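Visitor: Provide a 3D model corresponding to the input given below.
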Amino acid sequence: MTTTAPSDVRPDPPEPDSADARSLEEFGYRQELHRSLGRYASFAAGFSFISVLTTVFQFFAFGYAFGGPVFFWAWPAVLIGQLLVAACFAELAARYPISGAIYQWSTRLSNPAFGWFAGWIMVIGQIVVVAAAALALQMVLPAIWSGFQLIGDDPAPTSADGAANAAVLGVVLLALTTLVNVVDNRVMSVINRVGVTAEIIGAVLIVVLLLTHSERSPGITFHTEGAAQSGLLGALLVGSFTAAYVMIGFDSAGELSEETHHPRRTAPRTILTALASAGLLGGLIVLGGLLAAPSLTDGHLAVDGLSYVLTSSLGDGVGRLLLADVVVAIVVATLAIQTAACRMLFSMARDGGLPFARRLARVNPRTGMPSAPAVVVGALAAALLLLNFASPEAFLAIGTTCIVLLYLAYAMVTGPLLVQRLRGRFTSAGTDETGAPLFSLGRWGVPVNALALLYGLFMTVNLAWPRAAVYDPAGGHWYFQWFTVLFLTVTVAVGTAYRVYRRRTAVPETGVV
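Guide: Presented below is the predicted three-dimensional model:
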């Protein structure tokens, strides 16, 4: 019989899933969701939520209408601000690799009640974002083929026909994404990866083609002619809505931490790379659209947006082909946003923090998917789309409301994080799954965190400010002018009522809530 020298005996390395599962157990949770996402899938989750093609095509016309060409400069300003927020989130993703990122991070940095409200506002915001993303089909499908205009003749989303048709197309899309979110997370991951790859290729092609078909010089971006808002500051503040709407959701890589291999190492990097790459591509698309538009004054750019630029500047054939790629991006974006909202509902329900918590927290052991949250998110988002039948102004109200809710939820993380830093309670110690130090801002933590919080609060107020010219241009719909403020008030009131009810009825809770 032969023996092996002790120095030659090496234990088998732990399986990635088992090591990640043990890491999750440190926070009091067992592994239920299936870990099948690698680095690119994690990146795809954040990039597809941002979905630069979906959001730029959806809000370009609005930004141009209110800001004129100068609205381009709001883009780099918002990108810098969001990168500050993303840097803080990257630190937290390394330390708390748990589904329901915003809720989990805020709870651990502050207290259970404050963290619950952060999660509540975030999940409501995500549901609204799902509805807003689904509405983007109206900006593209009728431009590809008039047969997609199922209701009336006017495809403009600001018209009654366009708004109603957008709702119909959106409901159909939500039915498909809900089905995928029930089937299997591997199917969801494949669709995300393929879709994101197609979107990146399409975005690069659009940038190249637009810049090579320029009609004017970049100096046009310093002009405010045609802006609905008077003055440079007003044009930039309202024009920033486009960039603010695009650059949200980069935290999705953190939302899927429990389904990602080596999340402490992977999620921080994918959060930053998803935002940086989407921000760069989006800025170039906006610039290319301004330079290649046949006219800046004929009114088309402020109504039809980039779809008009592609089909008129590049020809119907090429333009429609690229618009088809935008459709893929919209579908994948809606799927990714719905997935993120499902994980937030699952995380809060797992801690007993929501009505019907046991049902919402149930994971199908075969698919590794929480099916009930997918159905709830899909149904509520579809219900929101019905507002479009009431008035075309609902398109903008839904879009801006979701941004405000997400920005406020983000501030409910960066705020407590800054307090912990100033108290010396946030440490950079620790290592990731490979033994490398956790992602850390080091000595830059306090200034970056402080600027991220100030930026987030400023943009929340700017976006929610009830400008009549923006939210109720036709007049007579005060509820649309104040829609964002009213929606946020109702969201907080309903959350408070539920917390009070739960306390009085002594509903049992688990986890960190």
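
Visitor: what ranges do the strands span in the stretch 201-350 of the chain?
Guide: With DSSP state E, counting those that start in this stretch as the definition, the stretch 201-350 of the chain shows no strands.

Visitor: buried stuff in stretch 274-283?
Guide: By 16 or more other C-beta atoms under 10 Å, the buried positions in stretch 274-283 come out as A274, L275, S277, A278, G279, L281, G282, G283. All C-beta atoms are positioned from the backbone trio N, CA, C, and that covers glycine.

Visitor: what about it, average pLDDT?
Guide: Averaged across stretch 274-283, pLDDT comes to 95.

Visitor: quick one on the thing from earlier: mind putting the buried residues of stretch 274-283 into CSV with distance to R193?
Guide: Listed next are those as CSV, based on distance: C-beta to C-beta, whole Å:
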residue, distance to R193
A274, 13
L275, 18
S277, 15
A278, 16
G279, 21
L281, 17
G282, 20
G283, 24
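
Visitor: what's the helix or strand for the closest residue to L406 other than its chain neighbours?
Guide: In space, and not counting its chain neighbours, L406 is closest to G125: 4.5 Å by C-beta to C-beta, 6 or more residues apart in numbering. Per DSSP states H and E, G125 falls inside helix 112-135.

Visitor: now do Q58
Guide: Counting by DSSP H and E, Q58 is found in helix 52-67.

Visitor: packing partners for that helix?
Guide: helix 112-135, helix 185-212, helix 232-246, helix 263-292, helix 305-313, helix 316-350, helix 394-422 (3 or more C-beta pairs under 8 Å, 6 or more residues apart in numbering; DSSP states H and E).

Visitor: got CSV for those, with distance to L387 too?
Guide: CSV is the format used below for these (distance: least, C-beta to C-beta, whole Å):
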stretch, distance to L387
helix 112-135, 9
helix 185-212, 27
helix 232-246, 17
helix 263-292, 27
helix 305-313, 21
helix 316-350, 17
helix 394-422, 4
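
Visitor: could I get the buried residue list for the lowest-mean-pLDDT helix or strand in the chain?
Guide: Among the helical and strand segments of the chain, the one scoring lowest on mean pLDDT, DSSP states H and E is helix 16-25, with a mean of 74. Using 16+ other C-beta under 10 Å as the test for burial, helix 16-25 gives D20, A21, S23, L24.

Visitor: the nearest residue to A65 once chain neighbours are set aside: how many residues sit nearby?
Guide: Of all residues not flanking A65 in the chain, A302 sits nearest, at 3.7 Å (C-beta to C-beta, 6+ apart). Other residues near A302 come to 22 when the count uses other C-beta atoms under 10 Å.

Visitor: residues touching T367, list them.
Guide: For T367, the contacting residues are H34, V182, V183, D184, N185, by C-beta atoms under 8 Å, 6 or more residues apart in numbering.

Visitor: let's go with 6 Å and repeat that
Guide: Contacts for T367 (C-beta atoms under 6 Å, 6 or more residues apart in numbering) come out as D184.

Visitor: next: F72.
Guide: Neighbouring residues of F72 by C-beta under 6 Å, 6+ apart: T221, V286, L287.

Visitor: excluding chain neighbours, what is closest to the last one?
Guide: Translated: L287. Here the residue nearest L287, using C-beta to C-beta, 6+ apart, is F72, at 6.0 Å.

Visitor: now that neighbour, what are its backbone angles?
Guide: phi -60, psi -40 (degrees, to the nearest 10).

Visitor: L236 versus that one, what's the distance?
Guide: F72 is 10 Å from L236, where distance means C-beta to C-beta, to the nearest Å.

Visitor: swap in D251?
Guide: D251 sits 26 Å away from L236, going by C-beta to C-beta.

Visitor: and the two? Which one has more around it.
Guide: Neighbours per residue (other C-beta under 10 Å) separate D251 from L236, with D251 holding more: 29 against 22.

Visitor: with adjacent residues omitted, what lies nearest to G100?
Guide: Nearest residue to G100 in three dimensions, chain neighbours excluded: S347, at 2.3 Å (C-beta to C-beta, 6+ apart).

Visitor: over to G283?
Guide: W75 is the one closest to G283 (C-beta to C-beta, 6+ apart), at 4.7 Å.

Visitor: for the stretch 101-250 of the chain, give me the ranges with low pLDDT.
Guide: Filtered on pLDDT under 70, the stretch 101-250 of the chain yields the residue ranges 226, 230.

Visitor: in contact with the residue nearest the centre of the chain, which residues?
Guide: Nearest to the geometric centre of the chain sits G249, at 2.7 Å (C-alpha atoms, centre = their mean). Residues near G249 by C-beta under 6 Å, 6+ apart: F49, I50.

Visitor: do the one 5 residues further on as well
Guide: When contacts are counted by C-beta under 6 Å, 6+ apart, G254 is found next to A93, A101, A267.

Visitor: ChimeraX command to pick out the buried ones of the residues you listed?
Guide: To isolate the buried ones among these in ChimeraX, judged by 16+ other C-beta under 10 Å, type:
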select :93,101,267
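
Visitor: what is the nearest of the contacts of G254 to G415?
Guide: The closest of the contacts of G254 to G415 turns out to be A101 (C-beta to C-beta; 15.7 Å).

Visitor: can you tell me the closest non-neighbouring residue to that closest one?
Guide: Spatially, and ignoring its direct neighbours in sequence, A101 is nearest to G254 (3.5 Å; C-beta to C-beta, 6+ apart).

Visitor: where does the closest residue in space to Y479 that isn't next to it in sequence land in three-state SS?
Guide: Of all residues not flanking Y479 in the chain, L486 sits nearest, at 6.7 Å (C-beta to C-beta, 6+ apart). Secondary structure, DSSP: H, G, I helix; E, B strand; the rest coil: L486 is helix.

Visitor: how close does L486 get to G317?
Guide: 46 Å.

Visitor: check W116 too.
Guide: Taking C-beta to C-beta as the measure, W116 falls 53 Å from G317.

Visitor: picking up where we left off before, list the buried residues for the helix or strand just after the helix holding Q58?
Guide: Counting by DSSP H and E, the next helix or strand C-terminal to helix 52-67 is helix 74-95. Neighbour-count burial for helix 74-95 flags 74-75, 78-79, 81-95 (criterion: 16+ other C-beta under 10 Å).

Visitor: how far out from the middle of the chain is helix 74-95?
Guide: 13 Å (C-alpha atoms, centre = their mean, to the nearest Å).

Visitor: ok now do F250, which residues does it touch?
Guide: G46, A86, I271, A274, L275.

Visitor: for it, what are phi and psi?
Guide: phi -70, psi -20.

Visitor: name the nearest residue to it, ignoring sequence neighbours.
Guide: Using C-beta to C-beta, 6+ apart, the closest residue to F250 is L275 (4.1 Å).

Visitor: OK, contacts around the closest residue to D472 other than its chain neighbours?
Guide: By the measure of C-beta to C-beta, 6+ apart, the closest residue to D472 outside its immediate chain neighbours is Q481, 4.1 Å from it. By C-beta under 6 Å, 6+ apart, Q481 lies in contact with P466, A468, Y471, D472.

Visitor: kindly report the same for S110.
Guide: Listed by C-beta under 6 Å, 6+ apart, the contact partners of S110 are P416.
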